[in-house]
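Asks: just the structure for this:
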Amino acid sequence: MRLHHSLLALAAVLTALTLPGAALAQMAPVTGPNQPLPGTIRPGTTGDNARDNVVDRMAETDRAARTSVPRRRGRPNPAEISAGAQAAVTAAGLQCRMTGATAAGQAGTDAVYEVACADAPGQFIVASTPPQAFNCLALDVSVAAGGDPSTQCSMPANKDAVAAMKGYAQALSVGCSVDQAVWVGRLASGADRYEV
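Replies: Okay, the predicted model is just below:
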């Protein structure tokens, strides 16, 4: 009987020693070549997660600043706006000698520009494929008739219908001095009509 008790005691001790190890093995975090062991502090860090996250973000910002392709956020600069607007004017086939441009926002993923033209009405241009151009004077008439005010041109040069029509009057050799002008509609051909 003594042998039986000794074997039971030995079996109990062996079981007690192996079960916690199996339980701990199941609770241990997964480690691999890219994951540090628990309690390990990475080289160059303090062990304080919040502080390390700030350090990591600063390092990423520094790396981004040194790369050849800058990561820009926010609005484009004036030179980028001018280049994008001129490309949109050309792609739309507009007769516009551009004197100014603003980035008016986005239409989906396409840039939208407001463009001022010398001696011609300004345009809202969606740089889509194909590009879409909207006459600022026509948009003003639409807003005055109750249309969406967010589609109105805002550049001062695009508010002056008289200045825009003076160029047309000179080109057509109209023998009068333009003192009033308004957009009155569009022909079936797509040409705009004005009253001066």
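Asks: against residue 116, how distant is residue 160?
Replies: Between residue 160 and residue 116 the distance is 10 Å, computed by CB to CB, to the nearest Å. C-beta: built from backbone N, CA, C; applies to glycine.
Asks: try residue 167
Replies: With distances defined as CB to CB, the gap from residue 167 to residue 116 amounts to 12 Å.
Asks: check residue 196 too.
Replies: Distance from residue 196 to residue 116, by CB to CB: 19 Å.
Asks: neighbour-wise, which of those two wins?
Replies: The neighbour comparison of residue 196 against residue 116 (other CB atoms under 10 Å) goes to residue 116, with 26 against 17.
Asks: in a helix, that one, correct?
Replies: No: assessed by DSSP: H, G, I helix; E, B strand; the rest coil, residue 116 does not belong to a helix; its assignment is strand.
Asks: so it versus residue 174, what's the distance?
Replies: Applying CB to CB, one obtains 22 Å for the distance of residue 116 from residue 174.
Asks: for residue 160, same thing?
Replies: Plainly put, residue 160 is 18 Å away from residue 174 if you go by CB to CB.
Asks: check which helices and strands the longest strand along the chain sits against.
Replies: The strand spanning the most residues in the chain, taking DSSP state E as the definition, is strand 97-107. In terms of contacts (3 or more CB pairs under 8 Å, 6 or more residues apart in numbering; DSSP states H and E), strand 97-107 is packed against helix 78-92, strand 110-118, strand 120-126.
Asks: how does it look with 6 Å?
Replies: With contacts defined as 3 or more CB pairs under 6 Å, 6 or more residues apart in numbering; DSSP states H and E, the secondary structure elements packing on strand 97-107 are helix 78-92, strand 110-118.
Asks: what lies in contact with the last one?
Replies: For strand 110-118, the external contacting residues (CB atoms under 6 Å, 6 or more residues apart in numbering) are 84-85, 88-89, 96-102, 104-105, 122-128, 153, 155, 157-158.
Asks: backbone dihedrals for residue 93, both of them.
Replies: Note on residue 93: backbone dihedrals following degrees, to the nearest 10 are phi 70, psi 30.
Asks: give me the neighbour count for it.
Replies: So residue 93, with other CB under 10 Å, has 10 neighbours.
Asks: and it, what pLDDT?
Replies: The predicted local confidence for residue 93 comes out at a pLDDT of 94.
Asks: give the bridge partners for residue 195, please.
Replies: residue 182 (DSSP bridges).
Asks: test my guess that it contacts residue 184.
Replies: Yes: using CB atoms under 6 Å, residue 195 is in contact with residue 184, at 5.0 Å.
Asks: what is the mean pLDDT for stretch 118-127?
Replies: Across stretch 118-127, pLDDT averages out at 92.
Asks: and that stretch, C-alpha only, in CSV?
Replies: Taking C-alpha atoms only, stretch 118-127 is exported to CSV below (Å, rounded to 0.1, in the frame of the first residue of the first chain):
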residue,chain,number,x,y,z
ALA,A,118,-8.7,88.9,-69.8
ASP,A,119,-11.5,90.4,-72.0
ALA,A,120,-13.8,87.4,-71.6
PRO,A,121,-16.1,86.1,-68.9
GLY,A,122,-14.5,84.1,-66.1
GLN,A,123,-15.2,80.3,-65.8
PHE,A,124,-15.7,77.7,-63.2
ILE,A,125,-13.9,74.6,-64.5
VAL,A,126,-14.1,71.1,-63.2
ALA,A,127,-10.9,69.3,-64.2
